[in-house]
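Undergrad: Below are the sequence and a predicted model; questions follow.
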Amino acid sequence: MSADLKDGRIVIVGASLAGLRAAETLREEGFRGSLTVVGDEPCAPYDRPPLSKQVLLGQATADTTELPMRRDPDAEWRLGVRATGVDLLEKRVLLADGDSLPYDRLLIATGTRARPWPNAEEAALDGVFTLRTREDGAALAERLAAGPERVLVIGGGFTGSEIASACRELGLQVTVAERGPAPLVGALGGTLSKLAAVMQRNHGVDLRTGVTVTALNGNGAFTGAQLSDGGRVEADVCVVALGAVRNVEWLADSGLAAGPRGIACDAGCRAFNMYGIVTDDVFVAGDVSRFPHPLFGYQLLSLEHWGNAVEQAEVAAHNMVHPGPLRRPHLAVPVFWSTQFGLNIKSVGVPTYSDHVVIAQGSLEARRLAMVYGYKGRVTAAVTVDMAKSLEYYRHLIETAAPFPPPPGAADRAIAADVAIPSDVPDPSVLSHGPTVALTGYLPDRRLTVV
């Protein structure tokens, strides 16, 4: 390995958003060595959020979602080939085609895939879909454009809710089945999830909560589903939206700290090995990472957020080409957004890291509000509904560990401590949908891990 960190061989495994942004940043940071990007999909990096929005609505086609390049990363692209392993001693990435790639530094950005329906025979029925890849988006959009009688969405998380919203906008009948008490409850807690439930039902969604789908019916083609309460839903399209699976299986024999919740790394994006010892030549970024954050009790967070993938990739790339004293931590406050049923929902911080909430602006009745989350007397998150301009103010409160309830500031009215109510964040094991933010450590008073 060259003593010059801006020379040598870098391999990036994962050719999606995080992988592309890392490759660009490496060149921007002055890396002049050999750069190889490996991806299991045959196409160039593309944007996933439009797949559940514009693509399903026919406003864009799946093949127009390619991500723009900020600059040419001058990389060798090995697309359409899976990585099957890493040899940490020999410093080589093993590929499914039998080839292997030597590296001086490695960035793992393999992201997630859609969690499949657990019964493979039922999952293979014509009319049963998941939504994660560009091919998924194109196939589902084509089926929805054909005008099915009814669509069944299994899982009331953000992806499932956005799909249901698109179906109603297309004039399609849709049923959402969610094991939890309300849609989005795993991400937003009990109070805001009630608003989400009202909005779905007001827009004509047949929302079934507190139930699970026990079987998908059909003889070659999907015709409906059985529910745990004894009911049945007749439908000709089913979308399985049960959350994501992190792509770590290929690292099972690598010696890295990789498991179902992702690959553990330090705040500088350096991966831990299976003994908890930090590596200096293997880095992690994007949805597949688990990283500590001082604002949230130094718990290891797993985030499925567009912004996090970009920011963490840039930090990882910077640290790959700079020595220790010049490396920087990934401390960005998580931000995500969703548009559904006419509402613009934006979040900053980690709503699940909370014990109480308070409505700081607006009201549930007006369907325009800012809700602030706190944990043990400190502001930890905020969610706005059609009030996004206030988000920067609440981000500042989170970053400065402001007391909860927050003082009057951006608020329309004074906030009194006695209006705070429990945030009512459920254990993810009781939900159908997977959370987009997972606290993969433990809170002192309750468990918040995915079983």
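TA: Done, it's in. Numbers count the residues shown, from 1 in each chain.
Undergrad: C-alpha from now on. contacts and neighbour counts both.
TA: Fine.
Undergrad: The helix ranked longest in the chain - contacts with which helices or strands?
TA: Determined from DSSP state H, the single longest helix within the chain is helix 185-202. If you count contacts as 3 or more Cα pairs under 8 Å, 6 or more residues apart in numbering; DSSP states H and E, helix 185-202 packs onto strand 206-209.
Undergrad: Tell me the helix or strand right after the strand it packs on.
TA: strand 213-218 (DSSP states H and E).
Undergrad: next structured bit after that next one?
TA: Where DSSP H and E defines the elements, the next helix or strand beyond strand 213-218 is strand 222-227.
Undergrad: hang on, the earlier thing: the longest helix of the chain: which residues count as buried?
TA: Within helix 185-202, the residues that qualify as buried are 185-197, 199-200, counting by 16 or more other Cα atoms under 10 Å.
Undergrad: from the residues you listed, which is closest to Ala145?
TA: Among the buried residues of helix 185-202, Gln200 lies closest to Ala145 (Cα to Cα), at 21.1 Å.
Undergrad: where's the closest one relative to Asp4, distance?
TA: To Asp4, Gln200 is 56 Å away according to Cα to Cα, to the nearest Å.
Undergrad: can you check Phe129 too?
TA: Counting by Cα to Cα, the gap from Phe129 to Asp4 is 48 Å.
Undergrad: who's more crowded, these two?
TA: Phe129 (22 against 12; other Cα atoms under 10 Å).
Undergrad: residues contacting that one?
TA: Counting by Cα atoms under 8 Å, 6 or more residues apart in numbering, Phe129 touches Ala123, Asp136, Leu140, Val237, Cys238, Val239, Val240.
Undergrad: So which of those are in helices?
TA: Using DSSP H, the members of these that fall within helices are Ala123, Asp136, Leu140.
Undergrad: Ignoring the adjacent residues along the chain, who's closest to the second one?
TA: Among residues not flanking Asp136 along the chain, Thr130 sits closest, at 6.5 Å (Cα to Cα, 6 or more residues apart in numbering).
Undergrad: how many neighbours does that neighbour have?
TA: Around Thr130 sit 24 other residues, with neighbours defined as other Cα under 10 Å.
Undergrad: Quick check on it: phi, psi?
TA: As for Thr130, its main-chain torsions (degrees, to the nearest 10) stand at phi -120, psi 170.
Undergrad: my read: it touches Gly243, true?
TA: No: using Cα atoms under 8 Å, Thr130 is not in contact with Gly243; the gap is 9.9 Å.
Undergrad: Need the residues touching each of those two.
TA: Contacts common to Thr130 and Gly243, judged by Cα under 8 Å, 6+ apart, are Ala114, Arg115.
Undergrad: So which of the ones in helices among the contacts of Phe129 is surrounded by the most neighbours?
TA: If you rank the ones in helices among the contacts of Phe129 by neighbour count (other Cα under 10 Å), Leu140 sits at the top with 24 neighbours.
Undergrad: tell me the contacts of that residue?
TA: Leu140 sits in contact with Leu56, Phe129, Leu131, where contact means Cα under 8 Å, 6+ apart.
Undergrad: Who's the closest spatial neighbour of the last one, skipping the chain neighbours?
TA: In space, and not counting its chain neighbours, Leu131 is closest to Gly137: 6.0 Å by Cα to Cα, 6+ apart.
Undergrad: That neighbour - how many residues pack around it?
TA: Residues near Gly137, counting by other Cα under 10 Å, number 24.
Undergrad: What of Ala114?
TA: For Ala114, the neighbour count with other Cα under 10 Å is 17.
Undergrad: is it true that it touches Gly160?
TA: No: if you go by Cα under 8 Å, Ala114 and Gly160 don't touch, sitting 11.7 Å apart.
Undergrad: Convert the C-alpha atoms of the longest helix of the chain to PDB, please.
TA: Extracted in PDB, the C-alpha atoms of helix 185-202 (Å, rounded to 0.1, in the frame of the first residue of the first chain):
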ATOM      1  CA  VAL A 185     -46.600   4.700  14.100                       C
ATOM      2  CA  GLY A 186     -43.200   3.100  14.100                       C
ATOM      3  CA  ALA A 187     -41.600   6.200  12.700                       C
ATOM      4  CA  LEU A 188     -43.700   9.000  14.200                       C
ATOM      5  CA  GLY A 189     -45.200   7.600  17.400                       C
ATOM      6  CA  GLY A 190     -48.900   7.400  18.400                       C
ATOM      7  CA  THR A 191     -50.100  11.000  18.200                       C
ATOM      8  CA  LEU A 192     -49.100  11.700  14.600                       C
ATOM      9  CA  SER A 193     -49.900   8.200  13.400                       C
ATOM     10  CA  LYS A 194     -53.600   8.900  14.400                       C
ATOM     11  CA  LEU A 195     -53.500  11.800  11.900                       C
ATOM     12  CA  ALA A 196     -52.000   9.500   9.300                       C
ATOM     13  CA  ALA A 197     -54.900   7.000   9.800                       C
ATOM     14  CA  VAL A 198     -57.500   9.700   9.500                       C
ATOM     15  CA  MET A 199     -56.000  11.100   6.300                       C
ATOM     16  CA  GLN A 200     -55.800   7.600   4.700                       C
ATOM     17  CA  ARG A 201     -59.500   6.900   5.600                       C
ATOM     18  CA  ASN A 202     -60.600  10.300   4.500                       C
END
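Undergrad: And that helix, how far out from the chain middle?
TA: When distances are taken as Cα atoms, centre = their mean, to the nearest Å, helix 185-202 is centred 19 Å away from the chain's centroid.
Undergrad: Give me the contacts around that helix.
TA: Residues contacting helix 185-202 (Cα under 8 Å, 6+ apart): 157, 165, 182-184, 206-207, 341, 351-352, 364, 367, 383, 423-428, 431, 433-437.
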